[in-house]
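Asks: pasting the sequence and the predicted coordinates here, then a few questions.
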Amino acid sequence: MLVLSSPSGAGKTTLSRMLLDADPNIVLSVSATTRARRPNEKDGVDYHFYTAEKFRAGVAAGDFLEHATVFEHQYGTPKKPVMEALAAGHDVLFDIDWQGTQQLKEKVREDIVSIFVLPPSHAELERRLRARAQDHEDVVVKRMAKAASEISHWPEYDYVIVNDNIDAAHAKIVAILGAERLKRVRQVGLSDFVRELIGDG
């Protein structure tokens, strides 16, 4: 499970898409949310759009790996598709915030690699939020106000990268992913291979 987190506007969604386009073994965990669908979003692709009632029922039934309230809306990770993807041998990418990351770590600590993406400056973060032109001014102001709180959680992550250049940031994430896949504990069948190699099979 590969987690990418950042304050809104730091680039994690763009980086997630680049990673998915470049590596067929990674699948995206599509979050559920109670917020309204934006004009360019597709249900089941960008998010699973839930009513508040359906979301509460899912929480009560234990259907989420993690869930949190962000900007007065509920967000959560449906458990079933993640477990199915992992069982099929895929890595699963999570585009979630620090609250969700903490909950994931409590449940499945050994299976998670977490990366926090920082913007190059406060001014650039604000510029990116305004350039998206997706949110009303009051939402942009709220996101900027919350950014400092979100950024304060950076020490809880395994890796931290500054997104001052999107291609360079992507290359760093690819390097992290490659190194983590090569860790001894993640190489399935390695013990049997080594036993055979030294003639102990």
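Replies: In hand now; what should we look at?
Asks: got the residue ranges for the helices in this structure?
Replies: Listed in chain order, the helices of the chain (DSSP state H) span 12-22, 52-60, 79-87, 98-108, 122-132, 137-151, 166-181, 190-197.
Asks: pull stretch 72-90 out as CSV, backbone CA atoms only.
Replies: In CSV, the C-alpha atoms belonging to stretch 72-90 read as follows (Å, rounded to 0.1, in the frame of the first residue of the first chain):
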residue,chain,number,x,y,z
GLU,A,72,-17.3,19.2,6.4
HIS,A,73,-17.6,16.1,4.1
GLN,A,74,-16.9,12.5,4.8
TYR,A,75,-14.1,10.6,3.0
GLY,A,76,-13.2,6.9,3.3
THR,A,77,-11.4,3.9,1.7
PRO,A,78,-13.7,1.0,0.9
LYS,A,79,-11.9,-2.2,2.2
LYS,A,80,-13.1,-4.9,-0.2
PRO,A,81,-11.5,-3.6,-3.5
VAL,A,82,-8.2,-2.9,-1.8
MET,A,83,-8.0,-6.4,-0.4
GLU,A,84,-8.9,-7.9,-3.7
ALA,A,85,-6.2,-5.9,-5.5
LEU,A,86,-3.5,-6.9,-3.0
ALA,A,87,-4.5,-10.5,-3.2
ALA,A,88,-4.1,-10.3,-7.0
GLY,A,89,-0.5,-9.1,-6.6
HIS,A,90,-1.0,-5.4,-7.2
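Asks: which strands and helices sit next to the worst-scoring helix or strand of the chain on mean pLDDT?
Replies: Lowest by mean pLDDT, DSSP states H and E among the helices and strands of the chain is helix 122-132, with a mean of 79. Secondary-structure packing of helix 122-132 (3 or more C-beta pairs under 8 Å, 6 or more residues apart in numbering; DSSP states H and E): helix 137-151. Placement of C-beta: from N, CA and C, glycine included.
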